[in-house]
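>>> Any chance you could fold what I've pasted below:
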Amino acid sequence: QGIRSLFIGFDAQIMRDMPFYAFFFGTYELNCYLFRTFVPSMPEELNFFLSGGFAGMLGWAAAMPFDVPKTNVQASWDSKV
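Numbering: from 1, shown residues only. Just a heads-up that it's a prediction; the model follows:
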């Protein structure tokens, strides 16, 4: 289908990524703040590690409903370009 086939499902990709990044960065910053406030003795590296882990889980929980249709669109053989 040529070079245009690389962009099949791009709109679905954007619709999946927007909620993911909104939840990811929002919960990352919130978790960093909460850990600094309520567990001040926690090392910064552990704070960043745990905050990133929780943010990733919540981000994918928000984005997964949009990922299934995106994958179906991008994996279908009969997509018209």
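
>>> low-confidence ranges in the chain?
Applying pLDDT under 70 to the chain flags residues 1, 79-81.

>>> ok, longest helix in this protein?
helix 44-75 (DSSP state H).

>>> tell me which residues of that one are tucked away?
The neighbour-count check on helix 44-75 (16 or more other CB atoms under 10 Å) flags Asn47, Ser51, Phe54, Ala55, Leu58, Gly59, Ala62, Ala63, Phe66, Asp67, Lys70 as buried. From N, CA and C alone the C-beta is placed, and that goes for glycine too.

>>> and which of the residues you listed is nearest Met15?
Phe66 (5.4 Å; CB to CB).

>>> ok, the nearest residue to the closest one once chain neighbours are set aside - contacts?
Once flanking residues are discounted, Phe66 sits nearest to Arg16: 4.0 Å by CB to CB, 6 or more residues apart in numbering. Listed by CB atoms under 8 Å, 6 or more residues apart in numbering, the contact set of Arg16 reads Ala63, Phe66, Asp67, Lys70.

>>> if you set the cut-off to 10 Å instead, what comes out?
By CB atoms under 10 Å, 6 or more residues apart in numbering, the residues touching Arg16 are Gly9, Ala62, Ala63, Met64, Pro65, Phe66, Asp67, Val68, Pro69, Lys70, Thr71.

>>> The fourth one and Thr71: what is the separation?
Applying CB to CB, to the nearest Å, the value for Met64 to Thr71 is 11 Å.

>>> And the second one, by the same measure?
Summarising the geometry, the distance separating Ala62 from Thr71, computed by CB to CB, is 16 Å.

>>> Can you give me every residue that contacts the most centrally placed residue in the chain?
Centroid-nearest residue in the chain, with CA atoms, centre = their mean: Phe20, separated by 3.2 Å. Listed by CB under 10 Å, 6+ apart, the contact set of Phe20 reads Gly56, Leu58, Gly59, Trp60, Ala61, Ala62, Ala63, Met64, Phe66, Asp67.
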